[in-house]
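In: Okay, predicted coordinates and the sequence, questions at the end:
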Amino acid sequence: MRVVAAILAVLLCACGGAPPPAASAPASAPAAAAPSFEPPPPLTRPRYRTGKLWPKYRGEEVAGAVFETAVEYLDAAQREAYRVHGRDGKLVDAAGRPLDGGPPGEDGKPRRAIYAMDAAGNLYASFDHGKGRFHHSSFLAGGPVACAGEMVIEDGRVVELTNMSGHYRPPPFTLDAVRERLVEMGVDVEGMRVAPVGADVKPGGK
């Protein structure tokens, strides 16, 4: 077969022809790049009343003071990774990805994110939390909060909002400020269930 192919090539060249070019695979279209997301700068002007950390948890960032382990306290740079934003009606992380709790836990209940809001209205949230490791107090390093609680989030849609926080025990009225901020951020709150707990008392304890 090689001899025949060589003879054919010689004959084609002698006749002024040329062998047809080898077929090449069609170039695939470049993958569409995900739209970039640039988080807005943090708000700095205080606008909301705040409550202090409940006294029993003071010193928790030191192992053995409150829990056997040290609770993580974020600094300003670390905190930015937990600040959440509004995008296309959804609540998204610092990279612009919709927050989502994933499938329900073994108990059949939805996985909840904890959140805290500071005096300026910046919101911080995380699904990765645990006793003696990461709490509502972690976001602002034990500093005061305008509200703190839990959220049920599905593909960026806030399904439920609460003020459930043993560390701060914010009163129910503080949820109004969180809802206000979600709307200002462009998050669609249509159908969001607000589930207040506790009484309207001054947050922060004695």
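Out: It's in.

In: so how far is residue 63 from the residue lying closest to residue 50 once chain neighbours are set aside?
Out: Excluding the flanking residues, the one nearest residue 50 by Cβ to Cβ, 6 or more residues apart in numbering is residue 144, at 3.7 Å. The C-beta positions use only the backbone N, C-alpha and C, and glycine is treated the same way. Distance, residue 144 to residue 63, by Cβ to Cβ, to the nearest Å: 24 Å.

In: who has more neighbours, the two?
Out: Applying other Cβ atoms under 10 Å to residue 144 and residue 63 shows that residue 144 carries more neighbours, namely 16 against 12.

In: which residues sit against the longest strand along the chain?
Out: Longest strand in the chain by number of residues, with DSSP state E as the criterion: strand 147-154. Residues outside strand 147-154 that contact it (Cβ atoms under 8 Å, 6 or more residues apart in numbering): 48, 91, 99-101, 110, 112-117, 125, 136, 158-165, 167-168, 170, 174-175, 177-178.

In: Identify the residues contacting the residue nearest to residue 50.
Out: So residue 144 contacts 50, 51, 52, 53, 118, 119, 204 (Cβ under 8 Å, 6+ apart).

In: The first one touches residue 120, doesn't it?
Out: Translated: residue 50. No: using Cβ atoms under 8 Å, residue 50 is not in contact with residue 120; the gap is 10.1 Å.

In: who has more neighbours, the two?
Out: residue 50 (19 against 14).

In: So for stretch 176-191, what gets flagged as buried?
Out: For stretch 176-191, a neighbour-count test (16 or more other Cβ atoms under 10 Å) marks 177, 178, 179, 181, 182, 185, 187, 188, 189 as buried.

In: now, the most widely separated pair of these?
Out: Greatest spatial distance among those (Cβ to Cβ): 177 and 188, at 18.1 Å.

In: give me the number of residues near residue 59?
Out: As a burial measure, residue 59 scores 13 neighbours (other Cβ under 10 Å).
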